[in-house]
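Trainee: Got a predicted structure plus its sequence, pasted below:
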Amino acid sequence: MHLGKAGWLSSLLEESVAAHGRAPGLLVPLELPESLSGRARARAYLRRMLRASGLLYGTPADGVGGLPAEGAPEELLFRAVVRTLARMALDIASLAGTPAGPRREQLLLLFAILTGQLDEAQALEEKLRQGHEVPRRLWSRVEDALERRALSLSGDPAYGLVLHNGALYADAHMFGRQALDYFARQGLNREMARRRIDFAARQKALLVEVLTGLACVDRPPTYSARRAILRQVEDLGLPHALEGELRAAVRESFERRHPLKTAVKDVRSVDLRRFILEQTLLASLVDGRRSRGERAFIERLALALRVPESTVHQLELEVAEFYAKNRSVVDVFTVSSAADVMGEDLVSSMQDTMERNFHRLMQEVRETGELYHLLTKAARRQPLTAEERQRMRAQLIDVAKAIPALAIFAAPGGLLLLVALAKVLPFNLLPSAFQDEPAPASPEEDGSEGGDEPPVREVG
């Protein structure tokens, strides 16, 4: 069941339906009166599920343990996302009291909507109404569309924004609302589906604007960072007009600071305010610390969103609580904490060297060919062949000739410094999906990413 292999989605959904049949209980228990309607219970479940499952934090808890161990971390994470979304939809169908039906094909329809394939979703609807078998070509189209989204759903580039969590949450929220409407209505309303897709796109665009402002608060982004951010905008798959507007706004933000009140002036929903603030809190903490400029930015953002300081601290604590309870799950997609044993003095001195020589170092790495690729692969705990390790050692020595203080990288075990430095430097060497969560600290220093579901303003 690997991405790129025909039939992987069919197998995954079939397995999800079978697992739900064996354990039909809700993934997230509800303590609500039975007198509530099925739709009301399903809506309450969706709100709790997005948080408790880990979708809110970009790392789904359910579905990870049952996944096969082989595969790159990005693929493991993406399959866990698909599996968790499927489980959420099946639970919603049960709560809504939807009669038994071809659940695998119904899930396929929902994933078609998730990828914006409304024509394919409508064709699936017709096949299901007529009781006909879904043709292979429709399965292939949805599979291909999901594979194209795999990278954007599975992690962030080394120099870009921390978008994975927010983009995934926007998609998961839209998917859950669509599942609720589809199963309660027992049919597809194409216009309502389009409105949900558009709302999720606007959520992502707003998040990009705010996070770009955060990325520019301490120093102008480098050329590599600018290019990575613009590539992320492209990978989001936004509607053409919205993407053009967003790219223009992002380019302008690279050159001058925009008032936060302007960016969030149209945000009226309490839940959407909370969502934006939580994602910004997370983005400010992925490198293990929050700078003075980032703190000031968050204070201005909270003020612009009319979120009180007490709520900001509450949101910070909520993310810490999630990671404390789900560390074994989070560790599946993070770097090993083995670097913790390294001396703080050594890390501190290496940090100073890296900060002074960062641009020079990256130039040397680029000129040394495949070194950056090999270092990233090693830091992600992907296996290297003996030949790759030998080439990497030789190239690290070449880099150390340019910056002698970095010669320790070429020593046995020196690669662990990549992990350690990723925690303390004010820039990201690794995608956020592979970074260790922040160490526990006081409420003022501890950060949290989370978010109450930003509703689609009760669409449907």
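Mentor: Arrived safely.
Trainee: give the contact list for the nearest residue to V264 once chain neighbours are set aside.
Mentor: Distance criterion CB to CB, 6 or more residues apart in numbering; nearest residue to V264, sequence neighbours excluded, is A304 at 5.2 Å. Every C-beta, even on glycine, is put in place using the N, C-alpha and C of the backbone. Residues near A304 by CB atoms under 8 Å, 6 or more residues apart in numbering: L260, K261, A263, V264.
Trainee: In TSV, list these along with pLDDT and distance to G25.
Mentor: TSV is the format used below for these (pLDDT from 0 to 100; distance: CB to CB, whole Å):
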residue	pLDDT	distance to G25
L260	85	44
K261	84	46
A263	85	43
V264	88	40
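Trainee: Name the nearest of those relative to R47.
Mentor: The nearest member of the contacts of A304 to R47, counting by CB to CB, is V264 at 22.4 Å.
Trainee: What is the helix or strand that contains A248 packed up against?
Mentor: For A248, the host element (DSSP states H and E) is helix 240-255. Applying 3 or more CB pairs under 8 Å, 6 or more residues apart in numbering; DSSP states H and E, one finds that helix 240-255 contacts helix 190-215, helix 223-235.
Trainee: In that helix, which residues are buried?
Mentor: L242, E243, L246, R247, A249, V250, S253 (16 or more other CB atoms under 10 Å).
Trainee: on that earlier part again, nearest to L108, out of the helices and strands packed on helix 240-255?
Mentor: Among the helices and strands packed on helix 240-255, if distance is taken as CB to CB, the winner is helix 190-215, at 14.4 Å.
Trainee: Report the rounded mean pLDDT for the closest one.
Mentor: If you average the pLDDT over helix 190-215, you get 94.
Trainee: packing partners for it?
Mentor: Packed next to helix 190-215, using 3+ CB pairs under 8 Å, 6+ apart, are helix 103-114, helix 118-130, helix 164-185, helix 223-235, helix 240-255, helix 260-263, helix 270-283, helix 292-304.
Trainee: Which other helices and strands does the third one contact?
Mentor: Contact here means 3+ CB pairs under 8 Å, 6+ apart; on that basis helix 164-185 packs against helix 38-52, helix 73-95, helix 103-114, helix 136-154, helix 190-215, helix 270-283.
Trainee: Quick one: closest of those helices to E234.
Mentor: helix 136-154 (9.3 Å).
Trainee: I'd like to know which elements the closest one is packed against.
Mentor: Using 3+ CB pairs under 8 Å, 6+ apart, helix 136-154 sits against helix 8-22, helix 73-95, helix 103-114, helix 118-130, helix 164-185, helix 223-235.
Trainee: So which of the ones you listed is nearest P308?
Mentor: With distances scored as CB to CB, the stretch of those nearest to P308 is helix 164-185 (21.9 Å).
Trainee: Hey, what's the angle from the closest one to helix 118-130? Just curious.
Mentor: For helix 164-185 against helix 118-130, the angle by axes from the mean of the first three to the mean of the last three CA atoms, to 10 degrees is 30 degrees.
Trainee: tell me the angle helix 164-185 makes with helix 223-235.
Mentor: 10 degrees.
Trainee: residues in contact with R295?
Mentor: R295 neighbours (CB under 8 Å, 6+ apart): S284.
Trainee: And the pLDDT at it?
Mentor: pLDDT at R295 comes out at 87.
Trainee: got it, and M88?
Mentor: pLDDT, read off for M88, is 93.
Trainee: Skip the chain neighbours and tell me the closest residue to it.
Mentor: Of all residues not flanking M88 in the chain, M49 sits nearest, at 5.3 Å (CB to CB, 6+ apart).
Trainee: Tell me where the stretch 251-400 of the chain has helices.
Mentor: Per DSSP state H, counting those that start in this stretch, the stretch 251-400 of the chain carries helices over the ranges 260-263, 270-283, 292-304, 309-325, 327-330, 344-367, 371-379, 386-402.
Trainee: any idea of the mean pLDDT for the second one?
Mentor: What helix 270-283 shows for mean pLDDT is 86.
Trainee: where does the stretch 1-150 of the chain dip in pLDDT?
Mentor: Residues of the stretch 1-150 of the chain that meet the criterion pLDDT under 70 lie in 1-4, 57-59, 61-73.
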